[in-house]
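A.B. asks: sharing a model that was predicted from the sequence below.
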Amino acid sequence: MAAQRWDEAQQRRAWLAVPVAVLCKFIDDQGYYLAALLAYYGFLSLFPLLLLLVTVLGFALQDDPGLQQQVLHSALADFPVIGQQIAGNVHSLNGHVAGVVIGAVGAVIGGLSVAGAGQAVLNKVWAVPRVRRPGIGGYYARSLLLVVTLGLGVLLTTVLTAVVGVLGWGVLVRVGGTVAAVAVNVLLFLLGYRVLTGRPVPVRELWPGVLFAAAVWQGLQEAGTYLVEHELRGASATYGLFGIVLGLLTWLYLGGLVFVLGAEINAVRALRLWPRSVLTLFVADPDLTGADEKAYTAYAGTEQHVEREDIKVHFPEEE
């Protein structure tokens, strides 16, 4: 069969076998659902976190409204078109201190939820057995660490935006700002992949996925900025609240896809899950490669709940 010959040919070429293996594992892991999980919790956590940010800015920078808006827009710079709408519709908590405290608690819970979703995604991608995943204390410690890391990332982005704003928008400054933004993305993806994965993964094994995710995310940012400046000028006020929600969910889902694909690249390379047979996506009982059997064995192993549970996987030879 022509399909089988092509499949055998791609298995012999690493430059093609690795992307095919990443695609196979992405589909095996139902990566599109994992990205949706991140988008869902990201959506639920974003507005409470923004509410907390705006409230803190209101207290800390009450004498400088212009700087308040600059910091807020920097935090929303990752959301072209809809970022300006969100900034214009999120206002600080006023009134009794208890209301601010309750809002802050809600924001922290929301942030921990999206970080927890990130742990679930990476543990699925890396096939970490349930018994090996962090307990409740480690779960929340890792989530809190990521929330703090993202906060630092927003701070770095704000500083970069302020510096670029002071120096102007010359070509060299804009290129330098883009390079700095990519560097921040690399740092955030690296820490996210390292902190949220429930198994020890050497940093050197994370670089391929980190660089891929950082570059693609920055490309999406640049594409979104181009659309705002050349194609969608004035469109931000057209669709109202529905446009904000739909655009935000779409952007968060794209971010989730980038995050998951970067993690899949790392797992495939680090665990040597290639070459894979692409026919496994279309045929019920194809000829399996060693990497296929290794991947399916790892998937079964993720369901180990206690130490005494023994999971064995056997692939009988064809008669």
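C.D. replies: Great, that's in hand. Note that this is a predicted model, so its numbers are computed, not measured.
A.B. asks: from here on, contacts and neighbour counts on C-alpha atoms
C.D. replies: Will do.
A.B. asks: can I assume Leu146 is in contact with Tyr193?
C.D. replies: No - between Leu146 and Tyr193 there is no contact under CA atoms under 8 Å: 9.9 Å.
A.B. asks: what about the helices in the protein?
C.D. replies: Taking DSSP state H, the helices of the chain run over residues 2-11, 14-28, 31-60, 65-75, 82-89, 97-125, 136-167, 171-196, 207-226, 240-270, 290-301.
A.B. asks: wait, which of those helices is closest to Val283?
C.D. replies: helix 2-11 (11.0 Å; CA to CA).
A.B. asks: any idea how far the residue lying closest to Leu49 once chain neighbours are set aside lies from Pro208?
C.D. replies: Leaving aside its sequence neighbours, Leu49 sits nearest to Ala107 (CA to CA, 6 or more residues apart in numbering; 4.7 Å). Distance of Ala107 to Pro208, computed by CA to CA, to the nearest Å: 32 Å.
A.B. asks: for the two, indicate the residue with more neighbours.
C.D. replies: Neighbour count, other CA atoms under 10 Å: between Ala107 and Pro208, Ala107 has more, with 22 against 14.
A.B. asks: who are the neighbours in contact with the more buried one?
C.D. replies: Applying CA atoms under 8 Å, 6 or more residues apart in numbering, we find Ala107 in contact with 45, 47-49, 51-52.
A.B. asks: switch to 10 Å and redo it
C.D. replies: Neighbouring residues of Ala107 by CA atoms under 10 Å, 6 or more residues apart in numbering: 44-53, 101, 113.
A.B. asks: got a winner among the residues you listed for most neighbours?
C.D. replies: Most surrounded of the contacts of Ala107: other CA under 10 Å gives Leu52, at 23 neighbours.
A.B. asks: could you measure from Ala284 over to Val245?
C.D. replies: Here Ala284 is placed at a distance of 40 Å from Val245 (CA to CA).
A.B. asks: then Arg308?
C.D. replies: Distance of Arg308 to Val245, computed by CA to CA: 47 Å.
A.B. asks: among the helices and strands of this structure, which one scores worst on average pLDDT?
C.D. replies: Here the helix or strand of the chain ranked lowest by mean pLDDT, DSSP states H and E is helix 82-89, holding a mean of 58.
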